[in-house]
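Colleague: take this sequence and fold it.
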Amino acid sequence: MLVAALVAVLVAGGPRSAATFVHTSGLGAARARRASAAESWFEGPEKTLEVCFTPGVGDRRGCRALDDDALAAILAEARCSILSKTSNEYLDAYVLSESSLFVYPHKVIIKTCGRTTLLRCLRRLLEFATFSNTTRRTLGLRVEWVGYSRKNYAFPDDQESPHTSFREELAYLKAHAHDSELMERTRATAFDGQGYLLGPVTGDHWFVYISDQCERPSLPATERTINVMMFDLPDEVCDHFYLRPHEAPDADAGRAMTRRSGLAAVPLLAAAPRLDAFAFAPCGYSMNALSDLSYATVHVTPQPHCSYASFETNTPQSSYASLVQDVLALFKPRRAVVTLFADANGLTTAADCAATFETLPTFDVPGLGAYHRADFSSLHVEDCVCMMANYALTPRPLPSRAHSTPTPRDRTSPPEPFRSRRSVVEPVLPAR
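Modeller: Take a look at the predicted model:
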């Protein structure tokens with residue numbers, strides 16, 4: 001099953017790739033990328049679906065009891081497939097043809113990019129996890145929480161139903177509540193949540209849907225996930241994620257990209273006991289890393305006119321400032337969107353996490369410049385806290401020529417003070 005899926009992706013050229021690009025080196029590579037820009041594009045930012053089940057109900061292995069055939073059938077609804085798998089004692093991580101899948105005993109996280117139809121996975125997942133039938137042993141699980149999120153699209157008109165707009169996505173999620181068979185068999189009412197928008201409607205923003213039916217005490221929950229979405233990467237960074245002439249689209253080339261890009265030196269990844277990377281043809285990169293209960297995942301779309309990279313992890317940190325700074329220094333984007341999704345108690349026990357957003361309006365990257373925060377939004381729903389901030393790079397000025405004489409303003413005038421805008425969001429139903 002995995003071999004067949006892999007062959008299909010390689011023949012197709014890979015989801016994060018420019019189908020007609022032939023990689024060379026130096027100026028030739030830059031010219032080739034520019035030439036392919038008119039016919040090559042990709043919606044890099046991922047859609048994320050998270051479904052949680054009640055611990056202690058059903059199969060003791062929980063969702064990890066889902067076999068390869070079940071997972072393949074679930075992912076087929078989103079039009080993606082499994083390329084590779086790595087596991088530890090606590091979870092299974094899969095590199096997909098369109099991003100990543102993480103399977104815990106009582107939680108499934110699916111991230112897909114491009115034109116995938118992620119929400120169509122939901123019913124199939126619930127069928128395999130909860131339904132009783134005569135052909136497959138049921139896991140007997142019970143849904144208690146459903147979450148969905150994504151950034152606004154760069155190419156909204158190319159998305160397919162039910163993802164043509166956030167309004168349609170909300171309607172699709174809520175329609176599950178009217179499926180009497182589904183509701184009876186899942187014993188859940190986890191589709192009556194609300195949709196929210198964080199960030200400026202006129203700029204980069206983040207859509208979030210949350211339905212929380214958890215009846216257990218929420219105090220022990222301390223999970224938190226940070227995602228750094230980066231746009232407009234420089235050519236020298238993008239070049240790392242194109243196949244070299246001697247490389248094939250596989251895990252070996254993925255490991256080579258991990259080394260030459262500098263990702264292997266990021267402390268969080270360097271400390272991970274398990275790292276699974278994959279390179280696409282002729283360009284593109286996906287990677288999952290596991291360390292105990294935590295994962296980190298990186299995805300790169302290096303096409304010049306839609307270049308994008310994401311770095312996400314649920315590794316507990318008292319502060320994410322140094323991690324975000326390391327990631328920005330590595331990818332050097334012109335702009336970045338940083339999101340934090342957390343249990344409220346997780347921020348109470350590690351208060352410095354929120355400081356990444358609330359008290360750090362600037363990330364200074366030596367040799368590159370400063371990332372200034374343009375806006376900040378926060379949302380508190382039930383026991384969940386969502387935060388989002390937009391950052392833009394102000395490059396460090398180049399040194400003056402030897403014969404140039406600085407003006408008095410150059411010597412003495414401080415930079416204009418940065419003024420951030422903070423907002424607390426309410427439920428909305430935007431078009432896109």
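
Colleague: tell me where the model's unsure across the stretch 1-150 of the chain.
Modeller: Per-residue confidence for the stretch 1-150 of the chain (pLDDT under 70) gives these ranges: 1-40, 131-137.

Colleague: show me where it has helices.
Modeller: 2-12, 26-36, 68-76, 121-130 (DSSP state H, counting those that start in this stretch).

Colleague: got it, and the stretch 201-350 of the chain?
Modeller: Taking DSSP H, counting those that start in this stretch as the criterion, the stretch 201-350 of the chain contains helices spanning 235-238, 251-261, 267-270, 321-331, 344-349.

Colleague: for Thr54, give me phi and psi.
Modeller: Backbone dihedrals for Thr54, given as degrees, to the nearest 10, come out at phi -70, psi 120.

Colleague: which residues touch it?
Modeller: In this structure, Thr54 makes contact with His106, Leu141, Arg142, Val143, Glu144, Arg216, judged by C-beta atoms under 8 Å, 6 or more residues apart in numbering. Using the backbone N, CA and C atoms, a C-beta is placed for each residue, glycine as well.

Colleague: max pairwise distance over those: which two?
Modeller: With C-beta to C-beta as the measure, no two of those lie farther apart than Leu141 and Arg216, at 14.5 Å.

Colleague: Ser286 pairs with what?
Modeller: When bridges are called by DSSP bridges, Ser286 pairs up with Phe278, His299.

Colleague: for it, give me the pLDDT.
Modeller: We note a pLDDT of 98 for Ser286 in this prediction.

Colleague: correct me, but it touches Val95?
Modeller: Yes. Counting by C-beta atoms under 8 Å, Ser286 touches Val95, with 5.0 Å between them.

Colleague: common neighbours of these two, please.
Modeller: When contacts are counted by C-beta under 8 Å, 6+ apart, Ser286 and Val95 have Leu83, Ala277, Phe278 as shared neighbours.

Colleague: return the members of those residues classed as buried.
Modeller: Buried residues within these, counting neighbours by 16 or more other C-beta atoms under 10 Å: Leu83, Ala277, Phe278.

Colleague: higher neighbour count, Ser286 and Val95?
Modeller: Shown here are Ser286 and Val95; by other C-beta atoms under 10 Å, Ser286 has more neighbours (29 against 22).

Colleague: how much space separates that one from Leu328?
Modeller: With distances taken as C-beta to C-beta, to the nearest Å, Ser286 is found 20 Å from Leu328.

Colleague: which residues of the stretch 251-400 of the chain score low on pLDDT?
Modeller: Low-confidence segments of the stretch 251-400 of the chain, defined by pLDDT under 70: 349-357, 398-400.

Colleague: that one: strands as residue ranges?
Modeller: 274-279, 285-291, 294-301, 308-313, 335-343, 362-365, 369-381, 384-395 (DSSP state E, counting those that start in this stretch).

Colleague: got these as a markdown table, with distance to Ala175 columns?
Modeller: Listed next are these as a markdown table, based on distance: least, C-beta to C-beta, whole Å:
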| stretch | distance to Ala175 |
| --- | --- |
| strand 274-279 | 35 |
| strand 285-291 | 31 |
| strand 294-301 | 29 |
| strand 308-313 | 28 |
| strand 335-343 | 24 |
| strand 362-365 | 41 |
| strand 369-381 | 21 |
| strand 384-395 | 23 |
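
Colleague: so which of those gets nearest Leu49?
Modeller: Of all the strands of the stretch 251-400 of the chain, strand 335-343 sits nearest to Leu49, with 12.7 Å by C-beta to C-beta.

Colleague: Asp67: neighbour count?
Modeller: By other C-beta under 10 Å, 11 other residues sit near Asp67.

Colleague: phi, psi of it?
Modeller: Backbone dihedrals for Asp67, given as degrees, to the nearest 10, come out at phi -90, psi 180.

Colleague: and it, how far is that from Pro316?
Modeller: In this structure, Asp67 and Pro316 are separated by 31 Å, where distance is defined by C-beta to C-beta.

Colleague: same check, this time on Tyr308
Modeller: Here the criterion is C-beta to C-beta. By it, Tyr308 lies 26 Å from Pro316.

Colleague: distance check, Thr258 against Cys214.
Modeller: Counting by C-beta to C-beta, the gap from Thr258 to Cys214 is 37 Å.

Colleague: which one's more surrounded, the two?
Modeller: Counted by other C-beta under 10 Å, Thr258 and Cys214 do not tie: Thr258 has more neighbours, with 22 against 14.

Colleague: quick one: residues contacting the more buried one.
Modeller: Remark: with contacts taken as C-beta under 8 Å, 6+ apart, Thr258 is in contact with Ala264, Leu269, Leu275, Ala277, Met287.

Colleague: Ala342 too?
Modeller: Applying C-beta under 8 Å, 6+ apart to Ala342 gives the contacts Glu223, Arg224, Thr225, Cys353, Cys384, Val385, Cys386, Met387.

Colleague: which ones are touching the fifth one?
Modeller: So the one you mean is Cys384. Under the criterion of C-beta under 8 Å, 6+ apart, the contact list for Cys384 reads Gly147, Ile210, Asp212, Phe341, Ala342, Asp343, Ala344.

Colleague: next one: the second one
Modeller: Arg224 makes contact with Asn314, Pro316, Leu340, Phe341, Ala342, Asp343, Gly346, Leu347, Ala350, Cys353, according to C-beta under 8 Å, 6+ apart.

Colleague: can you redo those as JSON lines with distance to Ala251?
Modeller: Formatted as JSON lines, these follow (distance: C-beta to C-beta, whole Å):
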{"residue": "Asn314", "distance to Ala251": "23"}
{"residue": "Pro316", "distance to Ala251": "28"}
{"residue": "Leu340", "distance to Ala251": "31"}
{"residue": "Phe341", "distance to Ala251": "29"}
{"residue": "Ala342", "distance to Ala251": "32"}
{"residue": "Asp343", "distance to Ala251": "34"}
{"residue": "Gly346", "distance to Ala251": "33"}
{"residue": "Leu347", "distance to Ala251": "37"}
{"residue": "Ala350", "distance to Ala251": "34"}
{"residue": "Cys353", "distance to Ala251": "33"}
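
Colleague: name the nearest of those relative to Val57.
Modeller: When the contacts of Arg224 are compared against Val57 (criterion: C-beta to C-beta), the nearest one is Asp343, at 20.2 Å.

Colleague: list the contacts of the closest one.
Modeller: By C-beta under 8 Å, 6+ apart, Asp343 lies in contact with Ser218, Ala221, Thr222, Glu223, Arg224, Asp383, Cys384, Val385.
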